[in-house]
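K.L.:
Mind folding the following:
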Amino acid sequence: MPRDQVLVVVPPNSNTVITGRLLTVTRPEEHSDWSDFLCLGALSLASALEDNPQITPVYIDGTVIDLDDVLTYITDHAEHILAVCLGMLTANFEAGVLIARHAKDTDPRITTVAGNDHFSSLWRECMTAAPSLDYGFVGNEIIGPFTRLIATLRAGAPVDPGAFPGLVHRTTDGTHLTPPGTEPVFTRFDYTLVDRAFHQTPLYTGHFQTRIAPRLRELHGRKVTAGVPVEIGRGCVKFAGDDACSFCSIHPGMLWRNQLNAAQAWDVVEAAFTAGYDYLYLTADELPLTFAKLLTAMSDTRPAWWSALTDRDRPVLVGYGRADGIADPRRTALLTDLGVRQIMIGMDAGAPLSLAAMNKPVGGRRRDVLTEAERLYELNSTAITTARDHGLLIRAGFVVGHIGMNRALLEENVQRIRALISEGGSNGVFSAVDVEVLSPQPGARDYTYLTDPDAAQAAASRLGLHIADGPVRTEIARRWAGQAVIPPEDAMRDYATALMPEVTFDELAQARTTIRAHAKACGVVIGE
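P.N.:
A predicted model of the protein is given here:
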């Protein structure tokens, strides 16, 4: 029997399937989009494998399929499985390792491959902690090397690690990484793969029609039936200067911005629409600032199929933006002219000092961060007004907590965030609000602050903020040194102890509850 099946698996959140994990503020059902959309990264890998006639790709999403069913599928099909490939985020790493271990225990001839942001950030630690992982890939531009690795495994040929950019591999003297490379944004999605092993589309659609569709109908009068992420580019304006927000764990890779041309972008939109999706979630970060030229080119080259549709028959586009982009009427008009009807804005904090602590302002190295942070807070309000004037809905995101936060800053943040929600809710601009306690994710500055006491002190000193004494920070940093498993709530609590000594984790959680309750009182839903 040939081994031709390659499983591309999205593991479930670990704290939903592993007992003993805290679920105070990390319940998946409280977070937007947790099961409303297919995973585009996993579908990219599965779709790319279809070019090889000797391979049968299998897409499995553990956020909608029970873990026991995933494991049973591996057991029942083991003799046909060539590889089990896992997209590992911090929240699902343990569950991913559980799946990899099950695959190897079931049949040691199955090759396991890991990837995604958590693995990219901690690839040495992950390989050390999980002997069940055979290979991994670092970064985003890995579809070409990944498909070539699978082809090599299928042919039974020896693997030359140097031939696969981004590959993490084991040798007798340790774990090594082949330097990553670059490649174009992938466009050849096969949406039928979503239902090859399990009927997952009805599950996504069911969640979507329960959570997102009614809200859009209520606020925009638009009927939508199914949503899907669509990638026309990846990157962020802040990646250009290696200046990401403190909580951002995205790996931009070798390219701070990687995008399609206008014709390719329209083709991707058309393919998703033709496949039956009428709510297209543009994954690119900070659309109006990072991808202004692409959006302008798309506006100038709208294809005949799009122009032939009435506004109500066209798919609804949604995307990400910054307040300083949406506050500009010209940029917002460009978005709405292209059919964007909702924008996700990470407003993130109320107090300007908090925005500065999160490294939110854009402005390069020579800048007055506090002045820019004050301006950014003002632009949050301006963005609400501009969005209202252009018929654009906002899903606003807020983060509670940051390095050096004290009770006075926490109270100021709560009050200012409540004021923004009141403003956005009273005029029907806010479609939803996400409120989360800061989670230090590997790859982000905040995780560096947690694990590097000197870096934390330098960051706090720049803004005159107080953090815990050196011995406390050192002890907590030692606790996380070399760890691959980062339970989110444990990391949140240690972050509060080391970097917000004047505020307890329970106070942060209560602030989150207060803000969420205020949003509900203003008629704004939490998540979608």
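
K.L.:
just for the stretch 301-450 of the chain, where's the confidence low?
P.N.:
Judged against pLDDT under 70, the low-scoring parts of the stretch 301-450 of the chain cover residues 363-367.

K.L.:
Repeat that for the chain.
P.N.:
Across the chain, the stretches falling below the confidence threshold (pLDDT under 70) are 1, 20-35, 363-367, 528.

K.L.:
who's in contact with the residue nearest the centre of it?
P.N.:
Closest residue to the average C-alpha location of the chain: residue 250 at 7.5 Å, with Cα atoms, centre = their mean. By Cβ atoms under 8 Å, 6 or more residues apart in numbering, the residues touching residue 250 are 117, 236, 239, 244, 285, 443. (Each C-beta comes from the backbone N, C-alpha and C, glycine too.)

K.L.:
roughly how far apart are it and residue 234?
P.N.:
When distance is defined by Cβ to Cβ, to the nearest Å, residue 250 is 9 Å away from residue 234.

K.L.:
overlap in contacts of these two?
P.N.:
The overlap between the contact sets of residue 250 and residue 234 (Cβ under 8 Å, 6+ apart) consists of residue 285.

K.L.:
where exactly do the helices run in the stretch 301-450 of the chain?
P.N.:
304-307, 323-326, 329-337, 352-357, 369-389, 407-426, 445-451 (DSSP state H, counting those that start in this stretch).

K.L.:
want to throw those into CSV with distance to residue 491?
P.N.:
As requested, the helices of the stretch 301-450 of the chain are exported to CSV (distance: least, Cβ to Cβ, whole Å):
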stretch, distance to residue 491
helix 304-307, 45
helix 323-326, 28
helix 329-337, 35
helix 352-357, 18
helix 369-389, 25
helix 407-426, 19
helix 445-451, 7
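
K.L.:
so which of those comes closest to residue 39?
P.N.:
Evaluated with Cβ to Cβ, the helices of the stretch 301-450 of the chain place helix 445-451 nearest to residue 39, the distance being 23.0 Å.

K.L.:
The next helix or strand after that closest one to helix 369-389, inter-axis angle?
P.N.:
Proceeding N to C from helix 445-451, the next assigned helix or strand is helix 453-463, under DSSP states H and E. With axes from the mean of the first three to the mean of the last three Cα atoms, to 10 degrees as the criterion, the two stretches helix 453-463 and helix 369-389 enclose an angle of 80 degrees.

K.L.:
Contacts made by helix 453-463 with the rest, please.
P.N.:
With Cβ under 8 Å, 6+ apart as the criterion, helix 453-463 contacts 353, 356-357, 369-370, 403-404, 445, 448-450, 466-467, 470, 473-474, 477, 498-499.

K.L.:
Quick one: buried ones out of those?
P.N.:
Buried positions within the contacts of helix 453-463, assessed by neighbour count (16 or more other Cβ atoms under 10 Å), are 353, 356-357, 369, 403-404, 445, 449-450, 467, 473, 477, 498-499.

K.L.:
Tell me the one among those nearest to residue 215.
P.N.:
With Cβ to Cβ as the yardstick, the closest approach to residue 215 among the buried ones among the contacts of helix 453-463 comes from residue 357, at 32.0 Å.

K.L.:
The closest one against residue 402, yeah?
P.N.:
Yes - under the criterion of Cβ atoms under 8 Å, residue 357 is in contact with residue 402, at a separation of 4.2 Å.

K.L.:
residues shared between the contacts of these two?
P.N.:
Jointly contacting residue 357 and residue 402 under the rule Cβ under 8 Å, 6+ apart are 246, 349.

K.L.:
how far out from the middle of the chain is stretch 239-254?
P.N.:
The gap between the average C-alpha position of stretch 239-254 and the chain average comes to 13 Å, counting by Cα atoms, centre = their mean, to the nearest Å.

K.L.:
Return the set of buried residues in it.
P.N.:
239, 243, 244, 245, 246, 247, 248, 249, 250, 251, 252, 253.

K.L.:
same thing with stretch 295-304?
P.N.:
Neighbour-count burial for stretch 295-304 flags 295, 298 (criterion: 16+ other Cβ under 10 Å).

K.L.:
Now do that stretch: everything it contacts.
P.N.:
Contacts to stretch 295-304, defined as Cβ under 8 Å, 6+ apart, come from residues 261, 262, 263, 265, 266, 270, 287, 288, 334, 335, 337, 338.

K.L.:
just how off-centre is that stretch within its chain?
P.N.:
Once both centres are worked out by Cα atoms, centre = their mean, stretch 295-304 turns out to sit 27 Å from its chain's centre.

K.L.:
First-to-last residue distance for it?
P.N.:
Counting by Cα to Cα, to the nearest Å, you get 17 Å between the two ends of stretch 295-304.

K.L.:
Could you do stretch 38-57 as well?
P.N.:
Its first and final residues considered, stretch 38-57 spans 16 Å by Cα to Cα.

K.L.:
Also stretch 475-494?
P.N.:
End-to-end span of stretch 475-494 (Cα to Cα): 10 Å.

K.L.:
SS state for residue 83?
P.N.:
strand (DSSP: H, G, I helix; E, B strand; the rest coil).

K.L.:
List the residues that contact it.
P.N.:
Residue 83 neighbours (Cβ under 8 Å, 6+ apart): 6, 7, 110, 111, 112, 113, 150, 153.

K.L.:
Next step: those restricted to helices.
P.N.:
Judged by DSSP state H, the subset of these located in helices is 150, 153.

K.L.:
Just the ones of the contacts of residue 83 in strands?
P.N.:
6, 7, 111, 112, 113 (DSSP state E).

K.L.:
who does the second one bridge with?
P.N.:
Under DSSP bridges, the beta-bridge partners of residue 7 are residue 58, residue 84.
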